[in-house]
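Student: everything below, folded, please.
(one chain, ligands or ions: 1)
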Amino acid sequence: MDKRHKEALIRLSGDKVVFNCPMAQYTTMGVGGASEALYKADELDELRLLIAFLNSEHIPYLIIGRGSNLLIKDNGFEGVAILLKGSLAGIERKDGDDLTVLAGAGLPLVDLITFCRNSGLGGLECFAGIPGTVGGAVIMNAGAFGNEFGSRVQTLEMITREGNLIQKDRAQLMFSYRRLEIEDGQVAVRARIILERESKEVVTGRIADYLKKRKIGQPMEYPSSGSVFKNPPSQYAGRLIEQAGLKGMRIGGAMISEKHANFIVNTGNASARNILDLIFLAQSKVKEQTGIELEPEIKIVGN
Ligand SMILES: Cc1cc2nc3c(=O)[nH]c(=O)nc-3n(C[C@H](O)[C@H](O)[C@H](O)COP(=O)(O)OP(=O)(O)OC[C@H]3O[C@@H](n4cnc5c(N)ncnc54)[C@H](O)[C@@H]3O)c2cc1C
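Tutor: Numbering: from 1, shown residues only. Below you'll find the predicted structure:
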């Protein structure tokens, strides 16, 4: 980005852009270098202008939800990291008969689930404990206990690279394992989520049960990015890594979790390099022993 680009971003944003911004605090793993700029967008029209501008100037950008499936490398991200806030993180429901809600992509999943519970709407309880946003859950097609978030999405509004707002309905949304097919550079801004009528007490109970199961199976006591690898067909990545003898393996401050081998945790002072080295180690050991290539689920960005 040159001086002219920076001035244009300041004109567009007022005080909502920060340059050379350390990114560790914007990911749940808590590692990574700085982004050239961090832009907190809170209105749709502003975001449309921003996306059109960045594309017309060929400036890379990265939408960050809660950064809970994201590893930013130690030398940071050359481009603009974008957070969706304000009206891009809102939630609406027409009336008490409506069995859908319209959720902004920047809305934390926990707020969506709480809103549904308080409105007597069920269906999302299994996703309780996933520390992402609605946008991240849609783009990653987050999954839990045999359910996929994509199955709850009725429509999705997105911004194209040209800054136009488009809407896709269920039939046009191609969800697969931890993936929604979208064109490069498109930004999810709002999803209509389909729910079921359910009593607040039942929803509350189910949320508590799912959170309990998570606590037993996942290393919640350390920062992480959730599952590092996708499960290969009819296999569990965690089991393959455990069978390769890597549970508890440490490089620097990063460790393959003792509790769940598909989690790499930050025990306090990990660098992105430490985490990447453990990722390569797990891939090479599992490949050597089983011939299976583990594919990262987490998104690895930057330099
Ligand atoms: C403790 C823990 C438990 C977890 N448990 C689960 C689990 O059970 N199931 C599961 O599936 N995942 C799980 N995860 C991983 C992660 O929380 C999910 O993938 C989540 O959906 C990611 O959301 P996010 O908002 O943090 O996305 P981010 O990590 O910020 O982003 C992920 C990707 O989506 C893109 N993106 C985000 N928002 C948008 C948008 N609006 N438009 C376009 N692109 C966008 C980003 O650019 C990036 O490529 C867990 C993570 C942790 C730390």
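Student: how about the residues of the stretch 151-300 of the chain by the ligand?
Tutor: V187, A188, Q218, S224, S225, G226, K299 (CB under 6 Å from any ligand atom). C-beta: built from backbone N, CA, C; applies to glycine.
Student: can you select the buried ones from those residues in ChimeraX?
Tutor: ChimeraX command restricting those to the buried ones, with burial defined by 16 or more other CB atoms under 10 Å:
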select :187,188,218,224,225,226
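Student: now the two most distant members of the residues of the stretch 151-300 of the chain next to the ligand.
Tutor: Using CB to CB, these span at most 29.3 Å, a distance reached by V187 and Q218.
Student: which residues does F149 contact?
Tutor: F127, A137, V138, M140, N141, A142, G143 (CB atoms under 8 Å, 6 or more residues apart in numbering).
Student: between these, which has the most around it?
Tutor: Counting neighbours by other CB atoms under 10 Å, A137 leads these with 33 neighbours.
Student: I figured that one hits F127, correct?
Tutor: Yes: using CB atoms under 8 Å, A137 is in contact with F127, at 6.8 Å.
Student: find residues that contact each of those two.
Tutor: Shared contacts of A137 and F127, defined by CB under 8 Å, 6+ apart, comprise L109, F149.
Student: now N69: closest residue in space that isn't a chain neighbour?
Tutor: Once flanking residues are discounted, N69 sits nearest to I298: 5.2 Å by CB to CB, 6 or more residues apart in numbering.
Student: what's around the one you found, how many residues?
Tutor: 23.
Student: and what of E36?
Tutor: Neighbourhood size, E36 [other CB under 10 Å]: 19.
Student: which helix or strand lies directly C-terminal to the host helix or strand of it?
Tutor: According to DSSP states H and E, E36 maps onto strand 34-41. Using DSSP H and E, the helix or strand that follows strand 34-41 in sequence is helix 44-56.
Student: run the angle between that following helix and strand 34-41 for me.
Tutor: 150 degrees (axes from the mean of the first three to the mean of the last three CA atoms, to 10 degrees).
Student: list of residues touching the helix or strand just after helix 44-56?
Tutor: Counting by DSSP H and E, the next helix or strand C-terminal to helix 44-56 is strand 61-64. Strand 61-64 has contacts (CB under 8 Å, 6+ apart) with 23, 26-27, 35, 51, 54, 70, 77, 79-84, 105, 135, 185, 187-188, 301.
Student: go with 10 Å
Tutor: Strand 61-64 has contacts (CB atoms under 10 Å, 6 or more residues apart in numbering) with 23, 26-27, 35, 37-39, 41, 47, 50-51, 53-55, 70, 72, 77, 79-84, 105-106, 133, 135-136, 139, 159, 185-189, 299, 301-302.
Student: say whether the ligand is contacted by that strand.
Tutor: Yes: against the ligand, strand 61-64 shows contacts by CB under 6 Å from any ligand atom at L62, I63, I64.
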